[in-house]
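In: Below are the sequence and a predicted model for it; my questions follow.
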Amino acid sequence: MGNEFLIAALFYATVCLALVLYLQKQLSKLRNKVDALTSLVKAADKKYETTKKELQELRNGTIGVGRRVIELEKKHLQYEARLDETEQEEPQSRMYTRAMKMVSLGADINEIVQECELPRAEAELLIRLHGADK
């Protein structure tokens, strides 16, 4: 019975040794995987920080663009107001432009008064100012 016990103990010791070696090999593989995953996490953290900085720069740029758009909208409204004022004054300036063109084409004072609905004194002044070339 002593030999059987010794053989069984030797068998169990061998199995335990094989199990320990197997577990050490598995532990080594797991450590390698943990190291690889740690490297990936570090790389992802770096990428995250880079992306975060880029996003912050984009936000700052967007804020700057937003401010510039607001300024341009204000200027646009000012220009629209000026344009409206100009359009309201425009009919009279058209009359003078037309009258000056008629003077340059050689129209007489009666035609200018009648076509442009200008007072006679203004038509005479236009003829003196713009008809002097002829």
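Out: Arrived safely, thanks for sending.
In: For A121, see how far away the nearest residue in space to H130 that is not next to it in sequence is.
Out: The shortest distance from H130 to any non-neighbouring residue, by CB to CB, 6 or more residues apart in numbering, is to V103 (4.6 Å). From N, CA and C alone the C-beta is placed, and that goes for glycine too. Computed as CB to CB, to the nearest Å, the V103 to A121 distance reads 15 Å.
In: Quick one: name whatever helix or strand follows the helix or strand containing K33.
Out: Element membership for K33 (DSSP states H and E) is helix 2-104. Next along the chain after helix 2-104, taking DSSP H and E as the criterion, comes helix 109-116.
In: what's that following helix in contact with?
Out: Identification of contacts with helix 109-116 by CB atoms under 8 Å, 6 or more residues apart in numbering yields 95-96, 98-99, 102-103, 107, 118-120, 123-124, 126-127.
In: pLDDT below threshold where in the chain?
Out: By pLDDT under 70, the low-scoring segments of the chain are 1, 87-93, 132-134.
In: let's go with 90 and repeat that
Out: Counting by pLDDT under 90, the low-confidence segments of the chain come to 1-3, 5-6, 79-109, 111-134.
In: count of residues packed around A99?
Out: Neighbour count for A99, taken as other CB atoms under 10 Å: 23.
In: For T38, see how far away D45 is.
Out: For D45, the distance to T38 equals 10 Å [CB to CB].
In: Kindly report the same for M102.
Out: 90 Å.
In: try A123
Out: For A123, the distance to T38 - CB to CB - is 94 Å.
In: neighbour count winner among the two?
Out: The neighbour comparison of A123 against T38 (other CB under 10 Å) goes to A123, with 24 against 10.
In: Please give me every residue in contact with that one.
Out: A99, I109, I112, V113, C116.
In: Now, of those residues, which are buried?
Out: Among the contacts of A123, those buried by neighbour count (16 or more other CB atoms under 10 Å) are A99, I112, V113, C116.
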